[in-house]
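Engineer: Below are the sequence and a predicted model for it; my questions follow.
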Amino acid sequence: MSAMTDRPGVTGSDLESVDLADPRLHAEHDLTELWLHLRASDPVYWHPGGAGHDGFWVITRHRDVAAVYRDTARFSSEHGNVLDTLLAGRDTAAGRMLAVTNGQRHAQLRALVARGFTAASLKPVIAGVRSGTRRLITEAVERGSCDFASEVAAGIPLAATCDLLGVPQQDRSYILSLTSSALGSDHGVPTAADTFTAKSEILLYFADLASQRRRRAARDLVSVLVSEEVDGCPLTEDEIIFNCYSILLGGDETTRLAMIGAVLALIEHPTQWRAVKDGSVSVESAAEEMLRWTTPALHSGRTATGDFAFAGKFIEQGDIVTIWPAAANRDDAQFADPDRLDLSRNPNRHLAFAYGPHFCIGSYLARVEITAVLTVLRELAAQIELAGPPRRVYSNFLSGMCSLPVTIRAERAARPPARSAGGQRSAEASGTIPAAVLARTMP
């Protein structure tokens, strides 16, 4: 069995004993057959209450997940957007953090945060991504082996997000230790105390950094948040630190897990690795399929704002509604042969970056990071193999490996940038992502 399929499977017949809120379920079991059953037989499923928590809706079809993402009037994120906070009653950042704000305030906050993601703002960040990725992978290839998760992938999105936020170099290992504990655990089931402590320390860190930027501004997103106004008023302290927290976690965890999962997928699918190596698929197309294949954010959560029918079920005001891109991205109504890794897949309307008003604001940067990894591996690595068993993150929100030991055999000579079928250099090499690539990822 492959590293991805050596976990016992869960099927529709196991549904009554399944608790989707349990991190152990996602780390220790393969839910492919369960998602297939729910999409086909009960795509809007009422999940009964489990160990110490209330029940919630589970939505698994691609078209339904996209519809919930799009409909912020009936499905609000303002009580929280992940299971843990929704089941606990409410997200304390509601109305102040972009991800858990709707309506006009959401549009205002998004416009302000987006200033950190303009082409001009991202230019030095992207340059750092490409040079840092090349350095980390070159060092791994020279050693011949590494834990790709901790020695390569951990340093790429974290560095980019810290560059964006202006986090000093000496603080970054500390920040990584906090992000790894805030939404899951690398060492078994996360405890409430550990996650609370990690989240609190991230907030305290950015409160201090914001205070420093008020005294002396820099060319980073924290400086933008502390200095700019919305409707003639500065952001509150809570709005500043909550949005720094959100950008940090959103920019680090999911992209890191996607690139780790991408390397494992290349190991387990040698024909696809050869297609990357010989340039018969572009790194941009490969990155989109890796995002679909890995879907590092398992679910998103909403709260029903009223009583209404949805896809044949009656949802009541106040009900917790969870949508599962992990299931939607394997929907055969949207994707041909969805359980096959196809790096040339087109169209590829995956939901790894969500959809609608809450579409990931950092999606372009995430794509740059993943294509950078694929580009450098294509150039420098002749072969990649597992050197030990991978270890998975324990989380009901994140999916992927926290450890991936590999051996890497070096390419004999550096390869020139691959050319597409039309003879053009790859977009990653030239520094742009074609609009067509971006467009085909949207439902």
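Structural biologist: Cool, the structure landed.
Engineer: can you give me the strands for the stretch 151-300 of the chain?
Structural biologist: Ranges of strands in the stretch 151-300 of the chain, per DSSP state E, counting those that start in this stretch, are 229-230, 233-234, 300-304.
Engineer: Among these, which comes closest to residue 367?
Structural biologist: Nearest to residue 367 among those is strand 300-304 (19.7 Å), distances taken as C-beta to C-beta. For glycine as for every other residue, the C-beta is placed from the backbone atoms N, C-alpha and C.
Engineer: Just confirm residue 373 contacts residue 260, I think it does.
Structural biologist: No - with contact defined as C-beta atoms under 8 Å, residue 373 does not reach residue 260; the gap is 9.5 Å.
Engineer: residues shared between the contacts of these two?
Structural biologist: Common neighbours of residue 373 and residue 260 (criterion: C-beta atoms under 8 Å, 6 or more residues apart in numbering): residue 153.
Engineer: coming back round to it: mean neighbour count, the strands of the stretch 151-300 of the chain: which tops it?
Structural biologist: strand 300-304 (a mean of 24; mean count of other C-beta atoms under 10 Å).
Engineer: in its sheet, what does the helix or strand just after that one sit against?
Structural biologist: Downstream of strand 300-304, the first helix or strand assigned by DSSP states H and E is strand 308-310. When pairs are called by DSSP bridges, strand 308-310 turns out to pair with strand 313-315 (antiparallel).
Engineer: List the buried residues in the strand it pairs with.
Structural biologist: residue 315 (16 or more other C-beta atoms under 10 Å).
Engineer: and if you look at stretch 124-134?
Structural biologist: 125, 126, 128, 129, 130, 132, 133, 134.
Engineer: Isn't residue 309 up against residue 315?
Structural biologist: Yes - counting by C-beta under 8 Å, residue 309 touches residue 315, with 7.4 Å between them.
Engineer: could you point out the longest helix in the protein?
Structural biologist: In the chain, with assignment by DSSP state H, the single longest helix is helix 237-268.
Engineer: Just the buried positions in it, please.
Structural biologist: For helix 237-268, by 16+ other C-beta under 10 Å, it's 239-267.
Engineer: What residues does the closest residue to residue 385 other than its chain neighbours make contact with?
Structural biologist: Distance criterion C-beta to C-beta, 6 or more residues apart in numbering; nearest residue to residue 385, sequence neighbours excluded, is residue 407 at 5.1 Å. Contact analysis of residue 407 by C-beta under 8 Å, 6+ apart lists 144, 145, 384, 385, 386, 387.
Engineer: Farthest pair within those residues?
Structural biologist: Longest span within the contacts of residue 407, C-beta to C-beta: 144 and 386, 13.9 Å.
Engineer: Looking at the two, which has the bigger crowd around it?
Structural biologist: residue 386 (16 against 12; other C-beta atoms under 10 Å).
Engineer: which residues does the more buried one bridge with?
Structural biologist: Counting by DSSP bridges, the residues bridging with residue 386 are residue 406.
Engineer: how near is it to residue 238?
Structural biologist: Counting by C-beta to C-beta, to the nearest Å, the gap from residue 386 to residue 238 is 45 Å.
Engineer: now swap in residue 201 and tell me
Structural biologist: Counting by C-beta to C-beta, the gap from residue 201 to residue 238 is 16 Å.
Engineer: Quick check: buried residues in stretch 388-396?
Structural biologist: Neighbour counts over stretch 388-396 (16+ other C-beta under 10 Å) mark 390, 391, 392, 393, 394, 395, 396 as buried.
Engineer: likewise stretch 11-26?
Structural biologist: Quick answer for stretch 11-26 (16+ other C-beta under 10 Å): 12, 15, 18, 20, 21, 22, 23, 25, 26.
Engineer: Does the first one touch residue 38 like I think?
Structural biologist: I take that to be residue 12. Yes - Residue 12 is within contact range of residue 38, at 7.4 Å (criterion: C-beta under 8 Å).
Engineer: Would you mind measuring the gap between the ends of stretch 72-90?
Structural biologist: 17 Å (C-alpha to C-alpha, to the nearest Å).
Engineer: Show residues contacting that stretch.
Structural biologist: So stretch 72-90 is in contact with 20-21, 53-54, 56, 68, 91, 94-95, 99-103, 106, 183, 195, 299-306, 308, 310, 320-322, 356-358, 396-397, going by C-beta under 8 Å, 6+ apart.
Engineer: again, 7 Å this time
Structural biologist: 21, 53-54, 68, 91, 94-95, 99-102, 299-306, 308, 320-322, 357-358, 396-397 (C-beta atoms under 7 Å, 6 or more residues apart in numbering).
Engineer: got the buried residues for that stretch?
Structural biologist: 72, 74-87.
Engineer: Next: stretch 38-55.
Structural biologist: Those would be 38, 39, 43, 44, 45, 47, 53, for stretch 38-55 by 16+ other C-beta under 10 Å.
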